[in-house]
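**Student:** Take this sequence and fold it.
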Amino acid sequence: MNPAAPVDSAELVLTRTPGPRYLVWEYLMRLWRRFLFSSLGEAIGSPLLYLLAMGVGLGSLVDWNGSGGALGGVSYLQYIAPALLCAAALQIAVGESSYPAYSRFHWGREYWAITATPITPLQVADGQLLFVATRLVTGAAAYFLVVIAFGAGGGWAGLLMIPIAVLMGAGFGSWVLVLGARMRSEGGAFNVVFRFVVLPMTLFSGSFFPVEQIPWALRWLTLFSPLWHANELARGAVLGGLEFGAAAGHLGFLVLLLIAGIW
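**Tutor:** Residues are numbered from 1 along each chain as shown. Sure, this is the predicted structure:
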């Protein structure tokens, strides 16, 4: 820029502000700040209760019955801890991508106001997905700290559970955003997603028992479950034993899910 030339005020603003999608992300972060402590409390309290009830309570019965062979020789707590972290990420992704996002362009119409500025709908969508990813990082990190306290973190390799959960959650959340962007109703389709997609996915994606115990007539459906791919990757990071080819296949599925959702 020539110092002697007059400076356009609009040009000066554009050179000193971040990209529009980050402004949308900042707006959503400021809204979330009001509920930060309650949100973090839930992020820590929920895994604590789940691990106590499922890992310690039910797990003691499973271990007492000698079912470790079906679980690869590990305790039930070690088996379900990575899956519970991924399931929590799925819940966060669906929760943030459904009614809260939908309300901003259907009821509250904040996104209509934002797109009345030079910010485009595509940049709004990017900012919303970036916020979902931020929520996933904080939630997965808090869950990981609780898992470590229970001795099921798997050392430094267990940190890989966090990006795995974030990738899976962002990928699935992007498709929930797609659904919301195309709806014209009062959001009833989200209830269908919760009941007939998220709930069965949580129960039958190898979170609480190996998928090999599911009859093959239904087991093939797990191949299309993002949560099952994330569970396998997370367990492979914590417990080991996952072959490179299988890991690449699971990772490729999650990456393609996210790319297709963004597109």
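**Student:** which regions of this protein lie under the pLDDT threshold?
**Tutor:** For the chain, the stretches with pLDDT under 70 are 1-18, 63-70.
**Student:** Report the central residue of it.
**Tutor:** The residue lying closest to the centre of the chain (CA atoms, centre = their mean) is G169, at 2.4 Å.
**Student:** State the distance from the closest residue to it other than its chain neighbours to A101.
**Tutor:** Take G169 and drop its neighbours on the chain: the residue closest to it by CB to CB, 6 or more residues apart in numbering is A93, 3.5 Å away. Just so you know, the C-beta spots here come from the backbone N, C-alpha and C atoms, and that holds for glycine as well. Noted for A93: a distance of 11 Å to A101, by CB to CB, to the nearest Å.
**Student:** which of those two has more neighbours?
**Tutor:** A93 (30 against 24; other CB atoms under 10 Å).
**Student:** so the more buried one makes contact with G173?
**Tutor:** Yes - using CB atoms under 8 Å, A93 makes contact with G173 at a distance of 3.5 Å.
**Student:** Please tell me how far the residue nearest to G169 sits from R182.
**Tutor:** A93 is 18 Å from R182, by CB to CB.
**Student:** What's the local residue count around P82?
**Tutor:** Residues near P82, counting by other CB under 10 Å: 30.
**Student:** Apologies, that question was intended for V166.
**Tutor:** Neighbours of V166 (other CB under 10 Å): 26.
**Student:** by contact count, what packs against the helix or strand harbouring it?
**Tutor:** For V166, the host element (DSSP states H and E) is helix 161-182. Applying 3 or more CB pairs under 8 Å, 6 or more residues apart in numbering; DSSP states H and E, one finds that helix 161-182 contacts helix 76-97, helix 99-106, helix 121-149, helix 188-193, helix 226-239, helix 244-262.
**Student:** Contacts only, for the residue nearest to G169.
**Tutor:** 132, 135-136, 168-170, 172-173, 176 (CB atoms under 8 Å, 6 or more residues apart in numbering).
**Student:** are any of those buried, and which?
**Tutor:** 132, 135-136, 168-170, 172-173, 176 (16 or more other CB atoms under 10 Å).
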